[in-house]
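Engineer: let me see the structure of the following:
(chains A and B)
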Amino acid sequence: MITLQACLDGILLGVLFALIAYGMALQWGVMNIINIAQGDLVILGGYIAYFMYLYGIHPAWGVIVAPVIMYFVGIAIYKLVINKVVDRDLFISILATFGISILFMQLMNFAFGADVVLANSGYGTTMLFDNNVVLPNSKIFSAFISIVFAICLVIYMKKSKLGRAIRATAQNARAAKILGVDTEKVYAATFGINAALCGVAGALISITFTIHPYMGLPYTIRSFMIVIVAGLGNLPGVAMSGMGLGVFEEFADYILGTEFRIGSVFLLLVLILVYRRFKLSRKREYLK
Amino acid sequence: MNKNFILYAAILIFGLAAPFIFPAFKVQLSILCVLIVLATTWNIQGGEMGYNSFGNILFYGLGMYLCASVQVGMFFPLAEWTESGGEKTFVHTPSQFFQGMAVGLVVAAVVPTIVAGLIGYSILGLRGHYFAICTLGLGVAAGEISGGIEIIGAGQGFTTPPFPNVGSLEARGEFFYFLSFFTLVLTFIAVRSIYSTRFKLILNAIRDNEDKAEAMGIETMKYKIIGWMISAFFCGLAGGIMGGLVGYIDSTDVAFDGREMGVFMVLMAILGGKGTLWGPIIGATIFHIFKEGFWTFFLGWQYVALGVLIVVIVIYFPEGIMGWLREKYPERFGEVVDEKDRKAQVELK
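Structural biologist: Okay, here's the model as predicted:
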């Protein structure tokens, strides 16, 4: 029964990870940057929902409000920093966003304090299988909302004009520019959408789990891991590997203990990268 | 050559006299030496080889824990020491302390080197940003995991043996200063002699175009691993010294501090100029002065300043100070410049 509990918990958690990873895949594919500050955007979105809760508004409304605010935060970050690193070396973008991440972490620490907080949604729990499996309704709610947002975004990317422009830029930025796409605007919009997705995920995390200013980096690493396992632009793959990661984490938590949970996530990243390196490496032979 | 000799002699004399000229800054000077060692060795594989690692903090932290554990474990039961926390139930005699430190530093340097060699084959096969993220993950994972191991203090930290009473109050600062200064000199000599060999050219070839270097018949993997092992050796040594200097080891805040030290080494090397001998040294010195100023006057805002600093340096100053000087005065760097070329360039601008 504990196995089933961990699996269900992991899948519901993994859907959230997949949503964050989708944003990561979007900006990586379109702008070719890796955003280390991804996790901090998530946490910031979480604090928006938490503050609504503090002022007496139900935190579930954060799902609507957080993405709107985060969209503009994303645009601002793009205008200030990201547009200067888009065409440069990937390492520059990693380091620059690392700087943003440290900045956000510390500013959130000043503004909101270093306590672990939780926005209580008061949704209660669902008991399944003769009360052996306990699922908080907030988790089910957050998984449902994530799926709704993901589907909306996929349809938007397929049908709308901006979505077409984003996809064109991802395929070939120069060609898109020649054909009259304002790539600068597309980049800004992509980063904004990514930040908005992070906002949604953050609001959901603040309802389901806890948030803390320094918890951002694990979310970045998780989304990076999901994207490299699934590959860029492979949406079912992102969903599947997100759920897989969620289940892995729940089991690591259960078997190794909670103190090794984050450590095991980072170790898994290293293992995946090493596995990928041996799988992709060519057979090389040297003349002696 | 003659001019260089005078320069080195002047720096050496200044370095030896520094703790007596600025007696109040002995600890800061020792930290500066450690920072320079870290930046210079990061530069070996970050600047010369083109493998930008966030993971050298792994070797630094490993060296820190190993040195302290050996120093304690040689004479006393390690588990009881860490369990007692800050309480000094066991006291090192001076000879025990120095013997332990010596053996500890050797272990702290050798084991990370071996670790680098072992994991090097699998990790250095990754290219570009995959390598950067992988090493970032490695550093954080090491911190999280060592924070869960009981025998080295787990979450409550590890107090390193206190400096024994040898008569003079100044002895502790002087001992650690000369230890770190000696390490710095050793590192500088090693790095300088490496940079004058074919090995450096191979590293540069790997940075510029790895596939082509391989096609030319260079066993790139072998040299990459050797380069990383050299970095690991000095990082471990620096970590061991820093552990004794700080006096307290915490898994995520002192040893595997990817958020501070792990970024500092990258930042110092970039600030000074990647891929130069003097760049990391200048970068580390400026950075340390700047950092101490900020830490003292803007207490609490230091990380905000650090974040802004990273963004500004990376975006507006990626070539660093040495890169800027090189562009300005190419003749000083032994580059032959055609007068016509320069005029044409000036006109173009």
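
Engineer: hey, let's count contacts and neighbours off CA atoms from now on
Structural biologist: Will do.

Engineer: what comes up buried for stretch A:149-169?
Structural biologist: By 16 or more other C-alpha atoms under 10 Å in any protein chain shown, the buried positions in stretch A:149-169 come out as A:Phe149, A:Ala150, A:Leu153, A:Met157, A:Leu162, A:Gly163, A:Ala165, A:Ile166, A:Arg167, A:Ala168, A:Thr169.

Engineer: ok, the residues you listed vs chain B, which is closest?
Structural biologist: A:Thr169 (21.5 Å; C-alpha to the nearest C-alpha).

Engineer: so what's the closest one closest to, chain neighbours aside?
Structural biologist: A:Ala176 (5.5 Å; C-alpha to C-alpha, 6 or more residues apart in numbering or on different chains).

Engineer: pull out the buried positions in the one helix or strand the one you found maps to.
Structural biologist: Element membership of A:Ala176, judged by DSSP states H and E, is helix A:173-178. Residues of helix A:173-178 classed as buried: A:Ala173, A:Ala176 (neighbour count, 16+ other C-alpha under 10 Å).

Engineer: and the helix or strand just after it, how far out from the chain's middle?
Structural biologist: Next along the chain after helix A:173-178, taking DSSP H and E as the criterion, comes helix A:183-208. Put simply, helix A:183-208 sits 9 Å off its chain's centre (C-alpha atoms, centre = their mean, to the nearest Å).

Engineer: what is the rounded mean pLDDT of helix A:183-208?
Structural biologist: The average pLDDT within helix A:183-208 is 88.

Engineer: which strands and helices sit next to it?
Structural biologist: helix A:2-31, helix A:38-54, helix A:62-77, helix A:137-159, helix A:161-171, helix A:173-178 (3 or more C-alpha pairs under 8 Å, 6 or more residues apart in numbering or on different chains; DSSP states H and E).

Engineer: just these: most buried one?
Structural biologist: helix A:38-54 (a mean of 26; mean count of other C-alpha atoms under 10 Å in any protein chain shown).

Engineer: so that helix versus helix A:2-31, what angle?
Structural biologist: Angle between the axes of helix A:38-54 and helix A:2-31 is 110 degrees (criterion: axes from the mean of the first three to the mean of the last three C-alpha atoms, to 10 degrees).

Engineer: so which residues on the stretch 151-288 of chain A come close to chain B?
Structural biologist: Within the stretch 151-288 of chain A, the residues that sit near chain B (C-alpha under 8 Å from any C-alpha of the partner chain) are A:221, A:259-260, A:262-267, A:269-270, A:273-274, A:277-278, A:286-287.

Engineer: in terms of helices and strands, where is the residue positioned nearest the centre of chain B?
Structural biologist: Geometric centre of chain B, nearest residue: B:Leu38, 1.0 Å, by C-alpha atoms, centre = their mean. Per DSSP H and E, B:Leu38 falls inside helix B:26-43.

Engineer: in that helix, which residues are buried?
Structural biologist: Under the neighbour-count criterion of 16+ other C-alpha under 10 Å, helix B:26-43 has B:26-27, B:29-43 buried.

Engineer: per-residue pLDDT, residue 272?
Structural biologist: Because you didn't say which chain, this covers chain A. Value listed for A:Ile272 in the pLDDT field: 85.

Engineer: right idea, wrong chain: chain B
Structural biologist: On the pLDDT scale, B:Gly272 gets 84.

Engineer: and the strands in the stretch 51-200 of chain B?
Structural biologist: Taking DSSP state E, counting those that start in this stretch as the test, the strands found in the stretch 51-200 of chain B are B:158-159.

Engineer: surely B:Cys134 and A:Val270 touch.
Structural biologist: Yes. Between B:Cys134 and A:Val270 there is a contact at 5.5 Å, judged by C-alpha atoms under 8 Å.

Engineer: how about low-confidence regions in the chain?
Structural biologist: This is for chain A. Flagging of chain A using pLDDT under 70 yields the residue ranges A:121-126, A:128-132, A:281-288.

Engineer: switch to chain B, please.
Structural biologist: For chain B, residues meeting the criterion pLDDT under 70 lie at B:1-2, B:78-90, B:153-155, B:166-169, B:258, B:299-300, B:332-338, B:341-342, B:345-349.

Engineer: hmm, back to that, does the helix holding B:Leu38 reach chain A?
Structural biologist: No. Shown here: helix B:26-43 not in contact with chain A (C-alpha under 8 Å from any C-alpha), separated by at least 14.7 Å.

Engineer: gap between that helix and the chain center?
Structural biologist: For helix B:26-43, the distance to the chain centre is 6 Å (C-alpha atoms, centre = their mean).

Engineer: can you give the contact residues for that helix?
Structural biologist: Here helix B:26-43 makes contact (C-alpha atoms under 8 Å, 6 or more residues apart in numbering or on different chains) with B:19, B:53, B:56, B:173-174, B:176-178, B:180-181, B:183-184, B:187-188, B:191, B:230-231, B:234-235, B:238, B:241-242, B:245, B:265-266, B:268-269, B:274-277, B:280-281, B:284-285, B:288.

Engineer: helices - which of the residues you listed land there?
Structural biologist: Among the contacts of helix B:26-43, DSSP state H puts B:19, B:56, B:173-174, B:176-178, B:180-181, B:183-184, B:187-188, B:191, B:230-231, B:234-235, B:238, B:241-242, B:245, B:265-266, B:268-269, B:280-281, B:284-285, B:288 in helices.

Engineer: near chain A, which residues of the stretch 51-200 of chain B?
Structural biologist: B:52, B:122-123, B:125-126, B:128-130, B:132, B:134-135, B:137-138, B:140-145, B:148.

Engineer: what about the helices in the stretch 201-349 of chain B?
Structural biologist: With helices called from DSSP state H, counting those that start in this stretch, the stretch 201-349 of chain B shows them at B:210-215, B:220-246, B:263-272, B:279-297, B:302-316, B:320-328, B:339-348.

Engineer: so which of the ones you listed comes closest to chain A?
Structural biologist: Here helix B:302-316 is closest among the helices of the stretch 201-349 of chain B (C-alpha to the nearest C-alpha), at 4.3 Å.

Engineer: can I get the closest one as PDB, trimmed to CA atoms?
Structural biologist: Provided in PDB are the C-alpha atoms of helix B:302-316 (Å, rounded to 0.1, in the frame of the first residue of the first chain):
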ATOM      1  CA  GLN B 302      26.000  41.100   0.300                       C
ATOM      2  CA  TYR B 303      24.200  38.500  -1.700                       C
ATOM      3  CA  VAL B 304      22.200  41.100  -3.500                       C
ATOM      4  CA  ALA B 305      25.400  42.800  -4.400                       C
ATOM      5  CA  LEU B 306      26.900  39.500  -5.400                       C
ATOM      6  CA  GLY B 307      24.100  38.700  -7.700                       C
ATOM      7  CA  VAL B 308      24.200  42.100  -9.400                       C
ATOM      8  CA  LEU B 309      28.000  41.800  -9.600                       C
ATOM      9  CA  ILE B 310      27.800  38.500 -11.300                       C
ATOM     10  CA  VAL B 311      25.300  39.700 -13.900                       C
ATOM     11  CA  VAL B 312      27.300  42.900 -14.600                       C
ATOM     12  CA  ILE B 313      30.600  41.200 -14.900                       C
ATOM     13  CA  VAL B 314      29.300  38.400 -17.100                       C
ATOM     14  CA  ILE B 315      27.400  40.700 -19.400                       C
ATOM     15  CA  TYR B 316      29.600  43.700 -19.700                       C
END
